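Engineer: Quick one: sequence plus predicted model below, questions after.
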Amino acid sequence: SQQGEEDPQALSIQEGENATMNCSYKTSINNLQWYRQNSGRGLVHLILIRSNEREKHSGRLRVTLDTSKKSSSLLITASRAADTASYFCATDARGGADGLTFGKGTHLIIQP
Amino acid sequence: DAGITQSPRHKVTETGTPVTLRCHQTENHRYMYWYRQDPGHGLRLIHYSYGVKDTDKGEVSDGYSVSRSKTEDFLLTLESATSSQTSVYFCAISRGGGRALETQYFGPGTRLLVL
């Protein structure tokens, strides 16, 4: 199973509304990252939050991290049609291997 | 975009044939990674490299080998392609790894179809 699991799997909202996606993970981490993937494209890094941080902002993005609950949330405020994409959380890989372990993603659709 | 290219971008091959995918970076980053992306699984780590000639296995390494003879190139080889290796393959690079794992920058991907 994946280290990170996003919830919901799909989300459809109206333009201008806020979108919230959640991520849960199983083992302790050094950091947690969020990525965006537009259809047919590579992943783009959005934000990295370290295990000793609780909240981080970047433009219209707000990420929270609760290590006691092993969960994170990504909030996109004032959504735009261009925000339509899949969003993935990623954590340090399990088993001592380097690299990231990704969840299955949340597919976000912004209705104009 | 970070200077990462992948080649080929699309490939159709037959079961049993060898296939090599190439990842090339111009950022001089030490760490390079190969992932595969399949519906219902997200991205999964195949192999990674932490320097020239230094590579290690990831979560789904069976059936794959890698080589890194130069900082800028990381090759992924399917020795004998199988239909289960039909996937989209992404290369990624990073300045830091291990406990200093940092942001990863991804290439555009290679779509591989094994018939």
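Structural biologist: Yep, that arrived.
Engineer: For stretch B:31-49, what is the distance to the chain centroid?
Structural biologist: Between the centre of stretch B:31-49 and the centre of its chain there are 7 Å (CA atoms, centre = their mean, to the nearest Å).
Engineer: so residue 11 is in which element?
Structural biologist: Just going to use chain A. Using DSSP states H and E, A:Leu11 falls within strand A:10-14.
Engineer: switch to chain B, that's the one I care about
Structural biologist: strand B:10-13.
Engineer: Going along the chain from that strand, find the next helix or strand for me.
Structural biologist: Remark: after strand B:10-13, the chain's next helix or strand is strand B:19-25, criterion DSSP H and E.
Engineer: Could you name the helices and strands sitting against that following strand?
Structural biologist: strand B:4-7, strand B:10-13, strand B:31-38, strand B:73-78, strand B:87-94, strand B:110-114 (3 or more CB pairs under 8 Å, 6 or more residues apart in numbering or on different chains; DSSP states H and E). Every C-beta, even on glycine, is put in place using the N, C-alpha and C of the backbone.
Engineer: one step back: how about residues contacting the strand holding B:Lys11?
Structural biologist: Strand B:10-13 is touched from outside by B:19, B:21, B:81, B:110-115, with contacts defined as CB atoms under 8 Å, 6 or more residues apart in numbering or on different chains.
Engineer: can you list those in CSV and add pLDDT and neighbour count?
Structural biologist: Putting these into CSV (pLDDT from 0 to 100; neighbours: other CB atoms under 10 Å in any protein chain shown) gives the following:
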residue, pLDDT, neighbour count
B:Val19, 97, 20
B:Leu21, 98, 21
B:Ala81, 97, 22
B:Thr110, 97, 23
B:Arg111, 97, 15
B:Leu112, 98, 21
B:Leu113, 98, 14
B:Val114, 97, 19
B:Leu115, 97, 10
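Engineer: Which positions in the lowest-mean-pLDDT helix or strand in chain A come out as buried?
Structural biologist: Lowest by mean pLDDT, DSSP states H and E among the helices and strands of chain A is strand A:4-7, with a mean of 80. Neighbour-count burial for strand A:4-7, with 16 or more other CB atoms under 10 Å in any protein chain shown as criterion, is recorded at A:4-6.
Engineer: Give me the residues contacting it.
Structural biologist: Contacts of strand A:4-7 (CB under 8 Å, 6+ apart): A:21-25, A:32, A:87-91, A:101-106.
Engineer: how about that strand as CSV, C-alpha atoms only?
Structural biologist: Presented in CSV, the C-alpha positions along strand A:4-7 are these (Å, rounded to 0.1, in the frame of the first residue of the first chain):
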residue,chain,number,x,y,z
GLY,A,4,0.6,8.6,1.5
GLU,A,5,-3.1,8.4,0.7
GLU,A,6,-5.0,11.4,-0.6
ASP,A,7,-8.6,12.1,0.2
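Engineer: Show me how far that strand is from its chain's centre.
Structural biologist: Using CA atoms, centre = their mean, the offset of strand A:4-7 from its chain centre is 8 Å.
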